[in-house]
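> Build the 3D model from these lines:
(chains A and B)
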Protein chains: 2
Amino acid sequence: MKQRVTSTPPRYSQHVHFFQQRATLVSTILIAATIVWSAHALAQADPLPSWNDTAPKKAIIDFVEKVTKEGSPDFVRPEERIATFDNDGTLWVEQPIYFQFQFAVDRVKALAPQHPEWKTKEPFASVLKGNVKGALAGGEKGILEIMAVTHTGMTTDEFEKIVTDWIATAKHPKTGRLLTEMVYQPMLELLAYLRAKGFKTFIVSGGGIEFMRPWVEKVYGIPPEQVVGSSGKLKFEMRDGKPVLVKLPEINLVNDKEGKPIGIQTYIGRRPIAAFGNSDGDLPMLQWTAAGSGPRFCAYIHHTDAEREFAYDRESQIGKLDKGLDEAVAKGWTVVSIKDDWKSIFPPQK
Amino acid sequence: MKQRVTSTPPRYSQHVHFFQQRATLVSTILIAATIVWSAHALAQADPLPSWNDTAPKKAIIDFVEKVTKEGSPDFVRPEERIATFDNDGTLWVEQPIYFQFQFAVDRVKALAPQHPEWKTKEPFASVLKGNVKGALAGGEKGILEIMAVTHTGMTTDEFEKIVTDWIATAKHPKTGRLLTEMVYQPMLELLAYLRAKGFKTFIVSGGGIEFMRPWVEKVYGIPPEQVVGSSGKLKFEMRDGKPVLVKLPEINLVNDKEGKPIGIQTYIGRRPIAAFGNSDGDLPMLQWTAAGSGPRFCAYIHHTDAEREFAYDRESQIGKLDKGLDEAVAKGWTVVSIKDDWKSIFPPQK
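Coordinates of the predicted model:
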C-alpha cells in the first residue's frame, strides 16, 4: 500500500479531525434520534383513524394488543389469529337491496333478448319492467328461479368474467357511487390493522362465494381462498379436450345462520378468535367464536345512522338484527353504533 | 464544547489516523465480502438435498425460478402461486392400506366394548378378528358402515381429539415407525422450497378433511385452512347452552377424481399453477391445473421402489396409476420415479 501524504500543517489537520469526529458523532445522534422518533410516531399512529375514540375502538385495540403481546397469558400464536367478517352490512352496504340481487336483476335484463318468453313469465316479467318488488312477491320460489338463470349453467371461468365486468361499473341506486366504493372505511382500516398484527382475515358471508371472489382481493385485501360463502354444486367435464367446471342449479352450502359455523369448520377448520357481523344471520358465527377457550372478540355493527347511511335493525327485511342484539348486550359483546362510533363511513371519493 | 487536547506528537497522530482509516476500510471490505459470500452460499445451497440430480429435480427448480423471477415473461405474482398436493401416496405412504382405514379399524376395536352385537355382525366381526380383508369383502357398503361408526356421530371437537390422540402413537405395520414419520422427505423439502419461494401449499386429498387437519400443520407445515379433503355434512346445535358441530353420516364432498378440481374451486377459488399427485384419482386435478394459461407444473410420483418403499402402479388396488401415467407421458408432465429420483425417502429416525 502506498502511504498518503498530506501537506496540511499538523495542527490544522488535528482540528479538522476533531471536527470531523464531532460531525460524525452529531450525525449519528441525529440519525438515531430520527429512528427512535419515527418508531415512536409509528407506534403511536392511529390504526383506526375513521373510528371515534369511543368504547368499541378501545375494545378492539385492547383485544389486539392483549393477544399479540408475547409472554402475555392471553397471547395467541399468529397461526391461530383467525378473524371472520360477514360481508353484506358488515363490510359493504346491503341497503336498499343486496348488491348480489342487483347483479341478478341486471343479468336478467342482459339475458332477456335470448328469452322472449320472459316478457310474460313471472318473476322475469316484473324484473324486466323494473318492478323488483313485484318480482319478489312470488317469494322464495321466484328468487331461486332468478338466481338459477343468472348464477348457473355457465362455467366457473365464464361466471368470473361476468361478475368482474359487472362490478367494474355497477353503481349504488341511491349514492351513484361504484358498489366497490360502498364499503365501510372503518372496516377497511380494521382489516388492515388486524393483518398488520398477524391475523388472517376471512369473509364468511351468506353471499355467493363465486360472486365475491372476483373482486374482494382488490377491495378488501382478502384473497379468494379466504372467502367462505354460499355455493352451488359444480360438475367437472371435458369440452373440446379442455376441463371445465359447470355451475349447477343445486345448492351446496347456504352459508347463513347455522350455515356460518358449518362453513367456518368446513373451509377454515379452525375456530375464529374474532368475528364481526351485523345481523341475526351472523349470530351462530358469533356464538361459535365466543365458545372457544381463551380470549375472543365478538362484535356487531349496528346500523344507526339514517343520515349518513341507513338505520335499521329489529324490523328490517334485510339485515334484521333482533335476537343478536339482545344476545350481544347479554353477553357483553361489542356493539358498534355507526352513528356514534364511526367518524367517517365511506372511503374518500376517487 | 470543550476542546480535547492530545499530547501525542502530530506525526504519530497522523499515522494512527491513517491506519485507523485503513483498518476501517479493510473491515468494511471484509464484512461486505462476508455478506456477498453468504448470500452466494445461500443461493447455491441445495433446496432439495434428498432428490437426485436427475430430470425431475431440474424441472422443478427451472419452473420455480422461471415463475418467481421478476420481469420474466413467465413471472407469476405471489398471490397466484398456488401449489396443490395429494396426500396418500404423494406426501405419505398409502401401502399396505390407507392409514385412515387403519384408524377406522383401530376405532372399531376401541368402540367394540360398547357394541357387543359387533361380535357377530359384519363387517365388524371380521375387523375385530383382525381380518381386514374379510371386512373389505362386503364391498363399499361395509366400508361405509365402518366409516360411519368411526367418523360420525361425535362433535368436531371430539373427533379432533380422537385423531390427535391416535396419530400420536399409530405405527406403520411394516416398518414400525410412527405414521407421521412415514412421510416423504423429498416432498417435505419440496413443500418448504415452494413456500420459501412465495408459494401457498395446499393439500387436496381424497382423505377426510377432519382426519388430516389435526396433524398436517405439524408434519407438513400446512395449516388446516389449506387442507381440502373429503367431508361429511355437519349439524350446528346447542348443547347445555354451548354450540357444537355434530358430524353426520351424510357425504358432503368426495374429494377424489373429478371431485378434486371441484374441491379446488370450492375451497381455494384459484387454479393451481403446480400440482402433484400419484394416482389416477389425481388426474382431473392435474388436467385442471395444466389447462390454466401461463406456466404450469404437473407431476406424478411413481412408486417404483419395492426395496425402499413399495412398487405399484397400473394394477394396484390402492393408488392405481394407469391412465394418469399415459397422460403424463403424452403431455410431457414430470414423472418422478422414487427409485431413480429420490436419494432418500423418509426423514431420519428421531
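> What sits closest to residue A:79 if chain neighbours are left out?
Once flanking residues are discounted, residue A:79 sits nearest to residue B:223: 6.0 Å by Cβ to Cβ, 6 or more residues apart in numbering or on different chains. No exception for glycine: its C-beta is placed from N, CA and C like everyone else's.
> swap in residue A:105?
With Cβ to Cβ, 6+ apart, the residue lying closest to residue A:105 is residue A:127, at 5.6 Å.
> In contact with that neighbour, which residues are there?
Residues counted as contacts of residue A:127 (Cβ atoms under 8 Å, 6 or more residues apart in numbering or on different chains) are A:105, A:108-109, A:118, A:135, A:146.
> looking at this, it is in a strand?
No. Looking at residue A:127 with DSSP: H, G, I helix; E, B strand; the rest coil, it is helix, so not inside a strand.
> ok, now how distant is it from residue A:106?
With distances taken as Cβ to Cβ, to the nearest Å, residue A:127 is found 10 Å from residue A:106.
> And the helix or strand where residue A:143 lies, how far out from the chain middle?
Using DSSP states H and E, residue A:143 maps to helix A:140-151. Centroid displacement of helix A:140-151 relative to its chain, using Cα atoms, centre = their mean, to the nearest Å, is 26 Å.
> which helices and strands does that helix pack with?
helix A:99-111, helix A:124-128, helix A:132-136 (3 or more Cβ pairs under 8 Å, 6 or more residues apart in numbering or on different chains; DSSP states H and E).
> Let me know the angle separating that helix from helix A:99-111.
70 degrees (axes from the mean of the first three to the mean of the last three Cα atoms, to 10 degrees).
> pLDDT averaged over helix A:140-151, what's the number?
Mean pLDDT, helix A:140-151: 93.
> So residue A:69 is in contact with residue A:62, correct?
No. Judged on Cβ atoms under 8 Å, residue A:69 makes no contact with residue A:62 at a distance of 10.8 Å.
> which residue sits closest to whichever residue of the stretch 101-250 of chain A sits closest to chain B, ignoring its sequence neighbours?
Proximity to chain B, evaluated over the stretch 101-250 of chain A using Cβ to the nearest Cβ, is greatest for residue A:224 at 3.4 Å. Counting by Cβ to Cβ, 6+ apart, residue B:269 is the residue found nearest to residue A:224 once chain neighbours are left out, at 3.4 Å.
> same check, this time on residue A:261
residue A:288 (3.8 Å).
> per-residue confidence at that neighbour?
98.
> In this structure it contacts residue B:238, no?
No. Contact criterion Cβ under 8 Å: residue A:288 and residue B:238 do not qualify, at 10.7 Å.
> right, and the helix or strand after the worst-scoring helix or strand of chain A on mean pLDDT?
Sorting the helices and strands of chain A by mean pLDDT, DSSP states H and E puts helix A:10-44 at the bottom, at a mean of 62. As assigned by DSSP H and E, the chain's next helix or strand after helix A:10-44 is helix A:55-68.
> So which other helices or strands are in contact with that following helix?
Checked by 3+ Cβ pairs under 8 Å, 6+ apart, helix A:55-68 has helix A:185-196, strand A:297-302, strand A:334-337, helix A:338-341 packed alongside it.
> repeat that for 10 Å
When contacts are defined as 3 or more Cβ pairs under 10 Å, 6 or more residues apart in numbering or on different chains; DSSP states H and E, helix A:55-68 packs onto helix A:185-196, strand A:274-277, strand A:297-302, strand A:334-337, helix A:338-341.
> Mind putting those into a markdown table with mean neighbour count?
Shown next, in a markdown table, are these (neighbours: other Cβ atoms under 10 Å in any protein chain shown):
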| stretch | mean neighbour count |
| --- | --- |
| helix A:185-196 | 19 |
| strand A:274-277 | 28 |
| strand A:297-302 | 25 |
| strand A:334-337 | 20 |
| helix A:338-341 | 18 |
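> Mind putting these into CSV with distance to chain B and mean pLDDT?
Putting those into CSV (distance: least, Cβ to the nearest Cβ, whole Å; pLDDT from 0 to 100) gives the following:
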stretch, distance to chain B, mean pLDDT
helix A:185-196, 14, 98
strand A:274-277, 12, 98
strand A:297-302, 12, 98
strand A:334-337, 19, 98
helix A:338-341, 28, 98
